[in-house]
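[1] Curious how this folds, go ahead:
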Amino acid sequence: MKLPGGVAAEDFLRENWQKQPRVIRQAFPGFQCPVSADELAGLACEEAVESRIVIANENGKPWQLHNGPFQPERFSELPETHWTLLVQGLDHWVPEIADLLDEFRFVPNWRLDDIMASFAPRGGSVGPHFDQYDVFLLQAEGQRTWQFGGHCDESSPRVAGTPLRILKDWAPEQTVTLNPGDMLYLPPGTGHHGIADNDCITLSIGFRAPTVDDLLTGFTDFLCSRSDTSEHLSDPDLEVQDNPGTISPDVIDRLDAKLREKLHDRRQLALWFGQYSTAPKSLGIVVPPEHPLTPEFMGQLIAGLHQIRWNEGSRFAYYEFDEETALFVDGEQYLLRGDAGPIAGLLCAGTRPDIERLAGFATDDAICGLLCTLANQGSLYFE
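    Below is the predicted model of the structure:
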């Protein structure tokens, strides 16, 4: 497997992933941005789209942030230079942008997050900062100069007077200018500052990195939703203590054993994580179609090699147990057994499942029923 630009995935993961930045020239030769600046501005006016405007200096205040949705006239009020429009989750709304994610599936599906678009006129920037996740910065239009390098963390000094986490007294180690099709990879914690040389659009392919807090609270909440966690602690072998205020080691041992029993259930952990990691980031885009399909019609469509694809905001993953396979789609789980197991890997391999292989299941009522369910909940659709 190779990254865009021909870099071997194994080499990149060994040498760069979460280790050091990498510039990939012409990762996408002849790249043409699927969206224009005007279309990004239009999306930023939509209620369902997350958008922001960052102004480098507004009435003497540094790095001011404004959250969308915006009124159309807002864009005519902006200065000529030194501002940036950010549109989050652009892949949720533009199929051609969503297709780019398939170029980055050298990492598991659950690690991919979304694609953010950044439009800026000359001098536009969001300031020097760092992220807690991996990111690929693809230059889609115009030119942008990037300064980057040095490890940053929560103790790094910040600029006062701004709602953004702008680095103060940060010294970059490298400077590069990206042209359309060029791409820069940055590991978590790497300081970076991109400045538009002219009207430009940059696409940021981001990756998910859940915190330990997210994992602990998510899994324990999942366990607590199970009926068997309502049982009370018991101590039929209780003995009289010298001091009633003492919490004995035996109590801690029993608590430890009980919690380990629940937390060490690998099946429940896998089922929770599959649902957690595929929960859609944007609930408003995974919606049922106006005209539901029937399993019979689904079978006819795939037998006729009509291409099916993921909803742009959907997430797919699977986990193989000893005797069954759990398919996870948009936070829901489907347990597959026997001959149905291979359908999970087929559906999860990319945004457009191999329709010729999928056609082999056209006469399988159970599989067509599953595909029908996924289509009717909005996770799959025919192009």
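[2] what about the longest helix in this structure?
    If you go by DSSP state H, the chain has its longest helix at helix 249-263.
[3] What is the subsequent helix or strand relative to that helix?
    helix 266-278 (DSSP states H and E).
[4] re the thing from before, helices and strands around the longest helix of the chain, which ones?
    Under the contact definition 3 or more CB pairs under 8 Å, 6 or more residues apart in numbering; DSSP states H and E, helix 249-263 sits against helix 212-224. Quick note: C-beta positions are derived from backbone N, CA and C, even for glycine.
[5] Name the surrounding residues that touch the helix it packs on.
    Residues outside helix 212-224 that contact it (CB atoms under 8 Å, 6 or more residues apart in numbering) are 210, 229, 262, 263, 268, 269, 272, 273, 275, 276.
[6] How about stretch 69-82?
    41, 44-47, 49, 51, 53, 55-57, 85, 121-125.
[7] Export the contacts of helix 212-224 to JSON lines and append columns for neighbour count, distance to residue 8 and pLDDT.
    What follows is the contacts of helix 212-224, written out as JSON lines (neighbours: other CB atoms under 10 Å; distance: CB to CB, whole Å; pLDDT from 0 to 100):
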{"residue": "210", "neighbour count": "14", "distance to residue 8": "28", "pLDDT": "92"}
{"residue": "229", "neighbour count": "11", "distance to residue 8": "47", "pLDDT": "75"}
{"residue": "262", "neighbour count": "15", "distance to residue 8": "42", "pLDDT": "85"}
{"residue": "263", "neighbour count": "13", "distance to residue 8": "38", "pLDDT": "87"}
{"residue": "268", "neighbour count": "15", "distance to residue 8": "37", "pLDDT": "94"}
{"residue": "269", "neighbour count": "16", "distance to residue 8": "33", "pLDDT": "95"}
{"residue": "272", "neighbour count": "20", "distance to residue 8": "34", "pLDDT": "96"}
{"residue": "273", "neighbour count": "19", "distance to residue 8": "29", "pLDDT": "97"}
{"residue": "275", "neighbour count": "19", "distance to residue 8": "33", "pLDDT": "97"}
{"residue": "276", "neighbour count": "18", "distance to residue 8": "31", "pLDDT": "96"}
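[8] Settle this for me: residue 21 is touching residue 189, isn't it.
    No - at 11.2 Å, residue 21 and residue 189 do not qualify as touching, with contact defined as CB atoms under 8 Å.
[9] distance of residue 236 from residue 254?
    The gap separating residue 236 from residue 254 is 11 Å, by CB to CB, to the nearest Å.
[10] Compare the two (neighbour count), which wins?
    residue 254 (15 against 4; other CB atoms under 10 Å).
[11] isn't the more buried one right up against residue 235?
    Yes - with contact defined as CB under 8 Å, residue 254 counts as touching residue 235 (7.4 Å).
[12] Kindly check the end-to-end length of stretch 261-271 for me.
    End-to-end distance for stretch 261-271, by CA to CA, to the nearest Å: 16 Å.
[13] what sits up against that stretch?
    So stretch 261-271 is contacted by 219, 222, 223, 226, 229, 319, 321, 326, 333 (CB under 8 Å, 6+ apart).
[14] go with 6 Å
    223, 319, 333 (CB atoms under 6 Å, 6 or more residues apart in numbering).
[15] Residue 171: which of these is nearest?
    For the contacts of stretch 261-271, the minimum distance to residue 171 (CB to CB) is 44.5 Å, reached by residue 319.
[16] Confirm for me that the closest one is in contact with residue 326.
    Yes - the criterion here is CB atoms under 6 Å, and residue 319 meets it with residue 326 at 4.8 Å.
[17] returning to that earlier point: what angle separates the longest helix of the chain from helix 212-224?
    90 degrees (axes from the mean of the first three to the mean of the last three CA atoms, to 10 degrees).
[18] Find residues that contact each of residue 319 and residue 326.
    Listed as contacting both residue 319 and residue 326 by CB under 6 Å, 6+ apart are residue 274.
[19] Looking at those two, which is more packed in?
    Between residue 319 and residue 326, counting by other CB under 10 Å, residue 326 is the more crowded of the two (20 against 17).
[20] And what about that one, helix, strand or coil?
    Classification of residue 326 using DSSP: H, G, I helix; E, B strand; the rest coil returns strand.
[21] Let me see the residues that make contact with the helix or strand where residue 96 lies.
    For residue 96, the enclosing helix or strand under DSSP H and E is helix 95-98. Around helix 95-98, the neighbours that count as contacts under CB under 6 Å, 6+ apart are 34, 90, 91, 115, 312.
[22] Out of the residues you listed, give me the one that has the most neighbours.
    Most surrounded of the contacts of helix 95-98: other CB under 10 Å gives residue 90, at 28 neighbours.
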